[in-house]
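Undergrad: Based on what follows, work out the 3D shape:
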Amino acid sequence: MQNFTQYTPTEIVFGKNTELKTADEIKRWGGTKVLVVYGKGSVVKSGLLKRITDNLEGSNIQYVLLGGVQPNPRLAFAEKGVQIAVQEKVDFILAVGG
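TA: Next up is the predicted model:
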């Protein structure tokens, strides 16, 4: 067995109108281009996704959308996300919904 160190910082921002702080939070973490990962139903219907993308656009943060996440996603979906992230040169992943 090889020795290794895993460092996986995760921050969850939750609450009323927190989507209006999305761009500020991304900038705070040094993000400049975002892969926005979301499901397909309520995030779109509720307008949450639109409010987030409007917030990103208003702060000149580029983004790429990857919708269709399902509970317990298949490896193929994760691989698709990696392919998009590499191809688009994103430096930040934003999960919306859940």
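Undergrad: Which stretches in this structure count as strands?
TA: Taking DSSP state E to define them, one finds strands in the chain at 33-38, 62-66, 92-96.
Undergrad: can you list these in TSV and add distance to residue 83 and mean pLDDT?
TA: (Each C-beta comes from the backbone N, C-alpha and C, glycine too.) Output for the strands of the chain, formatted as TSV (distance: least, CB to CB, whole Å; pLDDT from 0 to 100):
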stretch	distance to residue 83	mean pLDDT
strand 33-38	11	97
strand 62-66	10	98
strand 92-96	13	93
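Undergrad: Have a look at this structure and report its longest helix.
TA: Using DSSP state H to define each element, the chain has its longest helix at helix 75-88.
Undergrad: so what does that one touch, helix or strand wise?
TA: If contacts are counted by 3 or more CB pairs under 8 Å, 6 or more residues apart in numbering; DSSP states H and E, helix 75-88 sits against strand 33-38, strand 62-66.
Undergrad: which of those sits most buried?
TA: A comparison of these by mean neighbour count, using mean count of other CB atoms under 10 Å, puts strand 33-38 on top with a mean of 21.
Undergrad: Quick one: work out the angle between it and helix 75-88.
TA: Angle of strand 33-38 versus helix 75-88, following axes from the mean of the first three to the mean of the last three CA atoms, to 10 degrees, is 160 degrees.
Undergrad: List the neighbouring strands of strand 33-38 plus their orientation.
TA: strand 62-66 (parallel), strand 92-96 (parallel) (DSSP bridges).
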